[in-house]
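Asker: the following block contains a protein sequence and its predicted model.
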Amino acid sequence: MKAALAIALLALTACGTGQAEVRNDPPTADDVMALFDRWNDALATRDPAAVAAQYATDAVLLPTVAGHVHDTREEITTYFTEFLRLAPRGTFLEHEVRVLGPDAAVLSGLYDFAVTRDGTPDTVHARGTFVFERRDGAWAIVEHHSSKIPV
């Protein structure tokens, strides 16, 4: 009996059935929105390094309230050092999620940032695009463009 059990276990292992499976399923729309929520939660920490950690090391950020491309970790961290002083919190009002494959997705739409300027609450109406990519099993922002909605 022990020999039969050992042979059965060996056969299962040889087929890969007994091994942990690495999932590479495409993300759902809910998964993509959870990535935005993770970024938004990092904003709530008010720690620029925590926010910058949401971005790939080679990410490109075209931020809402800055006039140049931020394409290094240092530039992204510096941008958020200033922006986090406004205590921002983003809320998508209208959005579209496009899954590009098992390892890439785009979130774009209109969102509001609740901010505080000199102790006074304010709202910044913006449009934004986040491109998320899974690298080595971890999701990161590889492109992020945000701009104020023209009036």
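Answerer: Done, it's in. Numbers count the residues shown, from 1 in each chain.
Asker: count of neighbours near the residue nearest to A53 when sequence neighbours are not counted?
Answerer: Excluding the flanking residues, the one nearest A53 by CB to CB, 6 or more residues apart in numbering is A42, at 7.2 Å. Every C-beta, even on glycine, is put in place using the N, C-alpha and C of the backbone. When neighbours are counted by other CB atoms under 10 Å, A42 registers 20.
Asker: check L35 too.
Answerer: By other CB under 10 Å, 20 other residues sit near L35.
Asker: for it, give its distance to T120.
Answerer: For L35, the distance to T120 equals 31 Å [CB to CB, to the nearest Å].
Asker: flag every buried residue along stretch 64-84.
Answerer: Buried residues in stretch 64-84, counted by 16 or more other CB atoms under 10 Å: T64, V65, H70, R73, E75, I76, T77, Y79, F80, F83, L84.
Asker: again, but for stretch 89-99
Answerer: Neighbour counts over stretch 89-99 (16+ other CB under 10 Å) mark G90, F92, H95, V97, V99 as buried.
Asker: still on that earlier bit, isn't there a helix covering the residue nearest to A53?
Answerer: Yes: A42 forms part of a helix when assessed by DSSP: H, G, I helix; E, B strand; the rest coil.
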